[in-house]
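# just a sequence and a predicted model for now, questions to come.
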Amino acid sequence: MHEQTIPTLLWVYFGLVFVNILITLVQLLIERGLAERTLFLFWLGIALATFSNTLFPDQPVLTLATSPIGTFISQLFLGRFFAHIHDIRVPWKPFLFSFIFGYLTSQLLGLTDVGLTFQSMPVVLGATLPVPGHFYLVHKRSRYKYSTMQMLFISVALLMSLHYLDWGFFRARPFLFVYGLSLAIALYHILATITPLISSESTLQKRNQNLEEEVRHKASLLTSTERQLWEANKMASYARMAGGMAHEINTPLQVIEFQAEELRSEIESHPNGSEEMKSGLDTIQEMVLRISKITNSLRKLARENLSVLFQVADLGDMARSAIANLAPVAISQSTHLISR
């Protein structure tokens, strides 16, 4: 290819990039999302680099002084986009310092007799570093697995970064320049197509993760509620058992206490009543009092754990039980109990 055709190719190339800027600008105005903003800044950096090549087609040294700035901008925002979708904050200043160092190194090499290919290496390395640098940091810190689309994005972006390194080689050989230009525009458009896809995929992945976390949280709450219900039912069972025991113990206990009082009255009515029998009755009444305290504690436990305790009972059985307990007292007093 003749060297005079390079300016024409560059203007066509710049025209394609400018059309993409207009398209991404319209998309950004319609929807101000991360992918739209990234693509607009990406194409803006590419346009700056392309314009520098177009403005100085016959002066590669001047192109080398301006074009890498646009390359650095496009690479920086592309790398920051990938870090953002993985919720990782990566500082940009180290990449800027690396670019400035590479830029100054290339300018110093321009004062020597090295060729354009070697002179361009430091500044191009500094300009392309943000993409592999962000990929490396995201790989170290990310808690998400890469999807197939993200792996394709990484591969194309790294291939594009490597392609930047051969700029000096293709720029110094006009007959190969069209191939390098075609490869560059193809990689740009592939990245521009993949970027919105992985942005949507990342949003869906985060929503799914939030949903899974919410489901796990609800499940843990449900498990906790079930455990609390189980504990409440267990305590209610204990309360029912305590109430039943207190009731069963308290009924014969009252009969014992009543019989002891009757026996004391009989002893005291006889002047020759035994002191040992009175002492034994005191012991019986003391034990009855202690047992009464225990049954009161059981009834209190039942009331605290059961707000309302419903119990089905047969009144006939209760009456017959009471008559059976009072029968000895009635006989001692010559009283007849009649049940119907």
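Received it, and whenever you're ready, just let me know what you need. Numbering: from 1, shown residues only.

# and residue 32, which of the three is it?
Following DSSP: H, G, I helix; E, B strand; the rest coil, the label given to residue 32 is coil.

# ok, it - how many residues close by?
9 (other CB atoms under 10 Å). Glycine gets a C-beta too; all of them are placed from N, C-alpha and C.

# any idea how far it is from residue 24?
12 Å (CB to CB, to the nearest Å).

# for residue 86, grab phi and psi.
Note on residue 86: its backbone torsions stand at phi -100, psi 10 [degrees, to the nearest 10].

# might you report the residue contacts of it?
Residue 86 sits next to 138, 141, 142, 144, 202 when contact means CB atoms under 8 Å, 6 or more residues apart in numbering.

# give me the pLDDT for residue 27.
What the model reports for residue 27 is a pLDDT of 87.

# and the helix or strand hosting it, what does it pack onto?
Residue 27 is part of helix 5-30 when elements are defined by DSSP states H and E. Other elements packing on helix 5-30 under the criterion 3 or more CB pairs under 8 Å, 6 or more residues apart in numbering; DSSP states H and E are helix 34-55, helix 174-269.

# where are the low-confidence patches of the stretch 151-300 of the chain?
Counting by pLDDT under 70, the stretch 151-300 of the chain shows low-confidence ranges at 168, 170-172, 174, 270-276.

# let's go with 90 and repeat that
Low-confidence segments of the stretch 151-300 of the chain (pLDDT under 90): 160-189, 192, 196-300.

# quick one on the thing from earlier: mind checking which of the contacts of residue 86 land in helices?
Members of the contacts of residue 86 lying in helices (criterion: DSSP state H): 138, 141, 202.

# give me the number of residues near the nearest residue to the second one once chain neighbours are set aside?
I take that to be residue 141. Taking CB to CB, 6 or more residues apart in numbering, and ignoring the residues beside it in sequence, residue 141 has residue 88 as its nearest neighbour in space, at 5.1 Å. By the criterion of other CB under 10 Å, residue 88 has 18 neighbours.

# next one: phi and psi at residue 88?
phi -120, psi 130.

# thinking again about what came up before, between the contacts of residue 86, which is nearest residue 215?
Relative to residue 215, the closest of those is residue 144; by CB to CB it sits at 18.4 Å.

# residues contacting that closest one?
86, 205.

# and if you look at the one 5 residues further on?
For residue 149, the contacting residues are 194, 197, 198, 201, by CB under 8 Å, 6+ apart.

# drop anything exposed from these.
With burial judged by 16 or more other CB atoms under 10 Å, the buried subset of the contacts of residue 149 is 194, 198, 201.

# distance check, the last one against residue 34.
When you say that, I think you mean residue 201. Distance from residue 201 to residue 34, by CB to CB: 12 Å.

# repeat that for residue 250.
Counting by CB to CB, the gap from residue 250 to residue 34 is 75 Å.

# kindly report the same for residue 141.
19 Å.

# how far is the helix or strand harbouring residue 278 from where the chain is centred?
Residue 278 is part of helix 275-305 when elements are defined by DSSP H and E. Offset of helix 275-305 from its chain centre (CA atoms, centre = their mean, to the nearest Å): 59 Å.

# quick one: residue 166 from residue 159, how far?
Residue 166 sits 11 Å away from residue 159, going by CB to CB.

# give me the phi and psi for residue 59.
Dihedral angles for residue 59 - degrees, to the nearest 10 - are phi -130, psi 80.

# from residue 85, how far off is residue 62?
37 Å.

# who's more crowded, those two?
residue 85 (23 against 12).

# excluding its backbone neighbours, what's nearest that one?
Looking at residue 85 with CB to CB, 6+ apart, the closest residue is residue 202, at 3.9 Å.

# just confirm that neighbour contacts residue 87, I think it does.
No - if you go by CB atoms under 8 Å, residue 202 and residue 87 don't touch, sitting 9.2 Å apart.

# and these two? Which one has more around it.
residue 202 (22 against 13).
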